[in-house]
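Sequence and computational prediction follow.
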Amino acid sequence: MEAQTITTEKRSQPTTWDLMKTGADFATDAGVYVSPHLAENLSTVFACVQAIAETVAMLPVRVYRKMPNGARMEDPSHPLALIFGGDPNPRQTAAEFIEMQTAHCLLRGNSYAEVQRNNGGAVIGLVPYHPDHVSVVRVSTTGRYAFDVSLPEGGTRRVLPEDMLHLKDRSDDGVVGKSRLARTRETFGVALAAERYAGSTFRHGAAMSGILSHPEHLGEEATKNLKDSFKATYSGADKAGEVAVLEEGLKWQQISVSPDDAQMLETRRFSVEQLARIYRVPGPIIGDFQGGNYSSISEVGRWFYTQSIQPWLNKWERAIERTLLTTAARRSYEVEFDVDDLLRGDMLTRFQAYRIAREIGVYNANELRRFEKANPRTDADAEAYLAPKNMQPEQTGRPIADRGGGSAAEE
């Protein structure tokens, strides 16, 4: 079967196809190449990826059956609930699988997992592949896209789209996601260059760095020996602050400037903000509390959920439903990450909200106890719904959403 494979070509400047290749290295004007491996060496990138991937992975995945009256009921026995509530493959738990796939997508723009099904078509496993080992191909005879997976033992095998759970970052063609590293490689390049410069300063710099002058002419070998001896004695971060002893008329002339004088600290500070902006992660989430205060930081968690986490949850939910549920099943089931734990406020705020919800008849006592993971009460009042006195005609013992059209007297 003839197919056209999306691959990269080695050119002086990356082409559009180069940027779509997840494992490619990209040249930058800063003079350094950037790649997912190098980018993750930056503490800000690592912190952003971990914050998003770990948060998504910690949330339970629920499968709900849609009821005829518009309500829905959780179905913990559904095959997808068993997969995402247990182990999707023999090597990973569900949390480890989701964390890895999300991190792949954040760094490389795509993540792939082959779907395993039993003879009845039910999903029984998900086998992840590294994005660098998967190529998207277009079958010329059908016009459909498929996935060619490079195998460890050599060769490739083709996986059809309905058998590949493909999570992707924003795409330019709807087929392959394009990584944020590829879209903003100059920003990553500047940050990497600043890190390398700082590292080089610590590796080669001494507490004093400049010129050694001697009153007499020194030959090439004597100059080399003097230089090597001085570097061995005083160069390196662990020798900073050493006292130099100069003999035979040697003189030291300070000529270098510190990274602070060269505004490297400001550059690195700005890089932290730039990289966090790319991943839409607020500073306090990655340990950057500069410019914040308690009142603003207290809202960071909710901002992090709505701006950073919710878009990724939506990507996951739609990808799971599209690939792991049939068209008929999507009319009866839906998948959703449970974010209750993520949005829980402090105890005082929660209990104030519970009191209001209880008093106006939104929840009964046992429903509120379930929110706090407490065992249910066994008395009859625990299942009763309350209402204020000025709403007594509406009090029926059932939540408003479940009440019929009868009058209060009939109730």
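Now that the structure is in, tell me what you want to look at.

In this structure Y64 contacts M73, no?
Yes. Shown here, Y64 and M73 form a contact pair, counting by Cβ atoms under 8 Å, at 6.6 Å. (Glycine included, C-beta is placed from N, CA and C.)

Those two: which has the busier surroundings?
Using other Cβ atoms under 10 Å, the more surrounded residue of Y64 and M73 is Y64, with 17 against 8.

and Q274, what does it touch?
187, 190-191 (Cβ atoms under 8 Å, 6 or more residues apart in numbering).

Could you pull up phi and psi at it?
With angles defined as degrees, to the nearest 10, Q274 sits at phi -60, psi -50.

and the gap between it and V190?
From Q274 across to V190, the span is 8 Å (Cβ to Cβ, to the nearest Å).

Can you report how many residues neighbour A39?
By the criterion of other Cβ under 10 Å, A39 has 22 neighbours.

Can you name the residues that contact it?
Each residue near A39 by Cβ under 8 Å, 6+ apart is listed here: 45, 107, 181, 188, 192.

Which phi and psi values does the third one adopt?
This means L181. According to degrees, to the nearest 10, L181 has phi -60, psi -40.

all strands of the stretch 101-250 of the chain, in order?
Along the stretch 101-250 of the chain, counting by DSSP state E, counting those that start in this stretch, strands occupy 110-117, 123-129, 134-139, 145-150, 156-159, 164-168, 210-213.

What helices and strands are in contact with the lengthiest helix in the chain?
Longest helix in the chain by number of residues (criterion: DSSP state H): helix 185-204. Applying 3 or more Cβ pairs under 8 Å, 6 or more residues apart in numbering; DSSP states H and E, we find helix 185-204 packed against strand 33-34, helix 36-39, helix 264-279.

next one: that helix to chain centre, how far?
Its chain's C-alpha centre and that of helix 185-204 lie 23 Å apart, by Cα atoms, centre = their mean, to the nearest Å.

ok, back up a step: of the contacts of Q274, just say which sits nearest to D173.
T187 (23.3 Å; Cβ to Cβ).

For the residue lying closest to that closest one once chain neighbours are set aside, give its distance to T378.
Sequence neighbours aside, Q274 is the residue nearest to T187 in space, at 5.1 Å (criterion: Cβ to Cβ, 6 or more residues apart in numbering). Q274 sits 57 Å away from T378, going by Cβ to Cβ.

how does this protein divide up, domain by domain?
With domains defined by automatic domain parsing, the chain comprises 1-205+258-339, 207-254, 344-402.

For these, give me a markdown table that also has mean pLDDT.
Formatted as a markdown table, the domains of the chain follow (pLDDT from 0 to 100):
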| stretch | mean pLDDT |
| --- | --- |
| domain 1-205+258-339 | 84 |
| domain 207-254 | 65 |
| domain 344-402 | 81 |
